[in-house]
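1. coordinates for the following, if possible.
(one chain, ligands or ions: 1)
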Amino acid sequence: ESTLLSGGWIPFDSLAHKPHVCARALTAIELVSYWRGVFEANGIPEAQESSEYIVSYVLGAKTFHSLGAGSLSTPLTLEQRQQIQQLSMKRLQRMPVQYVLGEWDFRELTLKMRPPVFIPRPETEDLVSLVLEEALQRSGSPAVIAGHQCPTIVPHPVILEIGCGSGAIALSLLSKLPKSWVIAVDKEEAAVNLTRENAQSAHCFLEPLTLIPETSSWEQLLPWGPVDTIVSNPPYVFHGDMTHLAEEILSYEDLGALDGGNDGMRVIKKILALAPCILKDHGSVFLEVDPRHPEMVENWLQNHPDLSLSVSATHKDFFGKPRFLHIQKHKAGDRINKNSFACPSDHLPGVSC
Ligand SMILES: C[S@@+](CC[C@H](N)C(=O)[O-])C[C@H]1O[C@@H](n2cnc3c(N)ncnc32)[C@H](O)[C@@H]1O
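-> Modelled structure (predicted):
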């Protein structure tokens with residue numbers, strides 16, 4: 001235990017951080033500082049946060065700040081230092097820290113993370129809040145009306161999530177709406193499998209969750225309707241913006257989870273075409289989108305009046321950017337009938353629903 005790194009591996013060329021200068025077991029604070037230096041010297045973004053997350057994880061804590069004074073000043077064992085080194089090596093390969101740790105928190109849940117399944121982003125927590133607020137309002141819950149926590153009427157909506165990824169949205173909804181039924185779809189088998197694993201770890205989520213690996217057509221979804229709500233954080237990055245994404249994303253995440261085509265609306269349009277066929281009357285669609293999309297979606301819906309959908313609200317993210325769309329099916333379409341599936345979007349190019 002006389003050196004910091006077993007085997008004398010030197011990850012970078014900084015004199016100030018050569019491992020041989022360290023002839024004793026280091027504390028958590030010293031290790032964070034050491035690896036921050038290594039990351040910085042290698043051009044790894046968020047060097048301090050990355051080293052804090054890795055060291056905290058090995059010490060069994062969520063964050064560095066939650067470590068007590070005792071843990072911070074106790075020298076780490078060789079095994080702990082080796083584990084930190086192994087994880088840090090992955091970060092040095094530009095692997096996102098969420099994949100390095102193999103887990104990440106989303107709202108109150110800790111979810112398993114595995115490449116290439118999309119890592120849930122913090123702003124998506126607000127998308128979940130919007131769906132929850134509406135579910136409580138629709139149930140007439142006093143929790144919303146009076147601003148208190150104890151609803152006497154438990155909402156039991158049927159919710160369809162398109163593009164479930166790791167299950168972040170679907171499982172968060174289930175954790176807050178235990179009487180709901182969530183149908184979660186993803187075109188990637190890896191995503192469906194990870195959602196299932198995350199549901200299994202949370203025990204009670206499997207029964208009210210139906211997982212559907214998507215095939216080419218969304219017709220397979222129709223028998224699951226009518227649903228109260230569709231929620232989606234679809235791939236919405238404009239294709240032209242894809243090359244500007246961080247190396248971490250481009251090298252590790254499924255680009256099909258991000259690339260929304262030339263106008264970022266490839267999957268958004270599909271969802272909107274599906275919505276009138278599968279939503280109950282006055283049902284809602286909640287979408288996370290690019291800040292350029294609210295106006296584009298509004299225009300697109302105006303050009304497709306047969307869909308009977310309109311944007312009822314646009315909500316901003318924590319940076320003040322228009323990011324979430326609430327769209328409603330505003331009237332019962334005579335031609336839209338769950339039994340006949342006479343869906344107006346059959347006429348839309350490239351969309352089958
Ligand atoms: C931006 S990720 C969102 C994942 C997760 N809902 C979240 O917020 O963390 C988009 C997801 O949609 C899936 N997806 C992309 N195109 C799809 C399609 N046509 N049908 C179903 N899922 C699709 C991707 O595989 C990916 O998991």
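2. quick one: name the residues of the stretch 251-353 of the chain near the ligand.
-> D254, G256, A257, V267 (CB under 6 Å from any ligand atom). Glycine gets a C-beta too; all of them are placed from N, C-alpha and C.
3. how about the secondary structure of the last one?
-> The three-state label given to V267 by DSSP: H, G, I helix; E, B strand; the rest coil is helix.
4. now do the phi/psi pair for the closest residue to it other than its chain neighbours.
-> With CB to CB, 6 or more residues apart in numbering as the criterion, V267 has its nearest non-adjacent residue at 4.0 Å, and that residue is P234. Backbone torsions for P234, taken as degrees, to the nearest 10, come to phi -80, psi 170.
5. circling back to that earlier point, between the residues of the stretch 251-353 of the chain next to the ligand, which is nearest the ligand?
-> Closest approach between these and the ligand, by CB to the nearest ligand atom: A257, at 3.5 Å.
6. skipping adjacent residues, who's closest to the closest one in space?
-> Per CB to CB, 6+ apart, closest to A257 is F118, 3.9 Å.
7. ranges for the helices of the stretch 1-150 of the chain?
-> For the stretch 1-150 of the chain, the helices defined by DSSP state H, counting those that start in this stretch occupy 28-41, 47-58, 69-73, 78-92, 97-101, 124-138, 142-145.
8. buried subset of the residues of the stretch 251-353 of the chain next to the ligand?
-> D254, A257, V267 (16 or more other CB atoms under 10 Å).
9. where does the stretch 101-250 of the chain dip in pLDDT?
-> 141-154, 203-204, 216 (pLDDT under 70).
10. how about the residues of it by the ligand?
-> 118, 120, 124, 162-166, 168-169, 185-188, 191, 214, 233-235.
11. okay, and which of the residues you listed map to helices?
-> Of these, the ones assigned to helices by DSSP state H are T124, A168, I169, A191.
12. can you pull out the strands in the stretch 101-250 of the chain?
-> When assigned using DSSP state E, counting those that start in this stretch, the strands of the stretch 101-250 of the chain occupy the ranges 103-106, 109-112, 158-162, 181-186, 209-213, 227-232.
13. again, but for the stretch 251-353 of the chain
-> 279-288, 309-316, 322-329.
14. ok, residues contacting the longest one?
-> Spelled out, that is strand 279-288. Residues outside strand 279-288 that contact it (CB atoms under 8 Å, 6 or more residues apart in numbering): 123-124, 127, 130-131, 134, 225-234, 236, 268, 271-272, 275, 297, 309, 312, 323-332.
15. identify the neighbouring strands of it in the sheet and state each direction.
-> strand 227-232 (parallel), strand 322-329 (antiparallel) (DSSP bridges).
16. so which of those strands gets nearest W35?
-> Evaluated with CB to CB, the strands paired with strand 279-288 place strand 322-329 nearest to W35, the distance being 33.4 Å.
17. just the angle between that closest one and helix 124-138, please?
-> 30 degrees (axes from the mean of the first three to the mean of the last three CA atoms, to 10 degrees).
18. show residues contacting strand 322-329.
-> Contacts for strand 322-329 (CB under 8 Å, 6+ apart): 123, 126-127, 130, 134, 272, 275-276, 279-289, 291, 293-294, 297, 301, 308-317.
19. among the residues of the stretch 251-353 of the chain next to the ligand, which lie within helices?
-> V267.
20. residues contacting E253?
-> P96, P115, P116, V117, F118, I119 are the contacts of E253 under CB under 8 Å, 6+ apart.
21. out of everything not next to it in sequence, what's closest to the last one?
-> When you say that, I think you mean I119. Nearest to I119 is Q98, by CB to CB, 6+ apart, at 4.6 Å.
22. quick one: the one you found from the ligand, how far?
-> Using CB to the nearest ligand atom, to the nearest Å, Q98 is found at 11 Å from the ligand.
23. done for today, thanks.
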